[in-house]
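1. just coords:
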């Protein structure tokens, strides 16, 4: 599967427009559409905005459902997909994909490369990515069936993120005592089914020693080394955050992370954090000894959902209890196997 420049996978591309202050209307008016600006590009898909305009204005630039919206400035690299017909601001470039490319796959690929894209904007008075710079970015485009599979995973993770945000909002909206009663009621009604972690896995094992080498005769290859610092609260391993090192090719092939795996930090202050590798077959990630690799039984649980469960407050409190019983902060495999997750 070869790399393809973004310019080659697009059917059309154009910029939005600036509207006068009197263009905005009440969002409940008939025939109105959201006027999307860079600040509205915060989720995988966008169908709402802070400002609305009439859907028949001649000075507005409209995009249809399924169009990728890419921010060229002033926060370059933000990206969402239009979930409905919207109008777009002049800082946003609309990207219409060819039939063999799923819009959400392109959006996720751009999200994964946001750090690389923002390198273009460094040193400029107004952070900006030009059309030619965006066009030069290369992506791997697998068959549409594989794209659809990856898009389903991305949508599931997006729903988990939104659910978590709603939970946080609910906690802040009600007195803590009220929220605690609601939680206790849900538990008493068996709304949450808990399962031992070991029952959701095929196996678990520690990561491997990863050492950099400069020996030309070692037949080493470049890979992305994953340690505790790369496992962030976002729940996903982004290639841009991983250290690139040289390892023996045979070892890397045997120990590289699979798409059905979750990595769990077993030692240090970050012990208890978990993440799933970004679903990108172009990257080879190798976990070091600070991590425990969990090979997930995908017939019982989705890896991204398992990460979400492990990172819940209740499970984290159990993990912290195990950590406190040892002289140095760490989690043993036998302790991790016994923990129950919702």
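-> Perfect, thanks for sending it. Quick caveat: nothing in here was measured; it's all calculated off a predicted structure. Numbers count the residues shown, from 1 in each chain.
2. confidence score at the most centrally placed residue in the chain?
-> Centroid-nearest residue in the chain: residue 236, 5.7 Å away (criterion: CA atoms, centre = their mean). pLDDT for residue 236: 78.
3. ok, it touching residue 154?
-> No. Using CB atoms under 8 Å, residue 236 makes no contact with residue 154, being 9.9 Å away. C-beta: built from backbone N, CA, C; applies to glycine.
4. and residue 289, backbone torsions?
-> Here is the backbone geometry of residue 289 (degrees, to the nearest 10): phi -70, psi -10.
5. distance of it from residue 138?
-> 33 Å (CB to CB, to the nearest Å).
6. got it, and residue 30?
-> Relative to residue 138, and taking CB to CB, residue 30 is found at 45 Å.
7. okay, the two: which has more neighbours?
-> Neighbours were counted for residue 30 and for residue 138 using other CB atoms under 10 Å; residue 138 has more, 11 against 7.
8. give the contact list for the more buried one.
-> If you count contacts by CB atoms under 8 Å, 6 or more residues apart in numbering, residue 138 has them with 3, 4, 5, 6.
9. confidence score at the spatially closest residue to the first one that is not a sequence neighbour?
-> Taking CB to CB, 6 or more residues apart in numbering, and ignoring the residues beside it in sequence, residue 3 has residue 138 as its nearest neighbour in space, at 4.0 Å. Predicted confidence (pLDDT) for residue 138: 87.
10. and residue 138, bridged to which residues?
-> Per DSSP bridges, the residues bridged to residue 138 are residue 5.
11. from residue 6, how far off is it?
-> From residue 138 across to residue 6, the span is 8 Å (CB to CB).
12. what do you get for residue 21?
-> The gap separating residue 21 from residue 6 is 34 Å, by CB to CB.
13. what's the burial count for residue 72?
-> Using other CB under 10 Å, residue 72 has 25 other residues around it.
14. list phi and psi for it.
-> Torsion angles, degrees, to the nearest 10, at residue 72: phi -90, psi -30.
15. in contact with it, which residues?
-> If you count contacts by CB under 8 Å, 6+ apart, then residue 72 has 15, 91, 92, 93, 128, 129, 130, 131, 134 around it.
16. what about the last one, neighbour count?
-> Yep, that's residue 134 we're talking about. 21.
17. per-residue pLDDT of it, please?
-> In this model, residue 134 carries a pLDDT of 91.
18. do the second one as well
-> According to the model's per-residue confidence, residue 91 sits at a pLDDT of 92.
19. look up how far residue 118 lies from it.
-> From residue 91 to residue 118 the distance is 15 Å (CB to CB).
20. ranges for the helices of the stretch 51-200 of the chain?
-> Under the criterion DSSP state H, counting those that start in this stretch, the stretch 51-200 of the chain contains helices at 103-112, 114-119, 131-136, 144-173, 176-188.
21. now do the stretch 201-342 of the chain
-> Using DSSP H, counting those that start in this stretch, helices in the stretch 201-342 of the chain cover 249-255, 303-310, 313-324, 333-338.
22. of all these, which lies closest to residue 49?
-> helix 303-310 (27.4 Å; CB to CB).
23. so what touches that closest one?
-> Counting by CB under 8 Å, 6+ apart, 153, 156-157, 160, 164, 197, 200, 235-236, 259-262, 264, 272, 274-276, 294, 296, 315-316, 341-342 sit against helix 303-310.
24. ok, residue 44 touching residue 82?
-> No. At 11.4 Å, residue 44 and residue 82 do not qualify as touching, with contact defined as CB under 8 Å.
25. quick one: which of the contacts of residue 138 is most hemmed in?
-> Result: residue 6 is most packed of the contacts of residue 138 (other CB under 10 Å), 22 neighbours.
26. ok, that one to residue 145 distance?
-> 21 Å.
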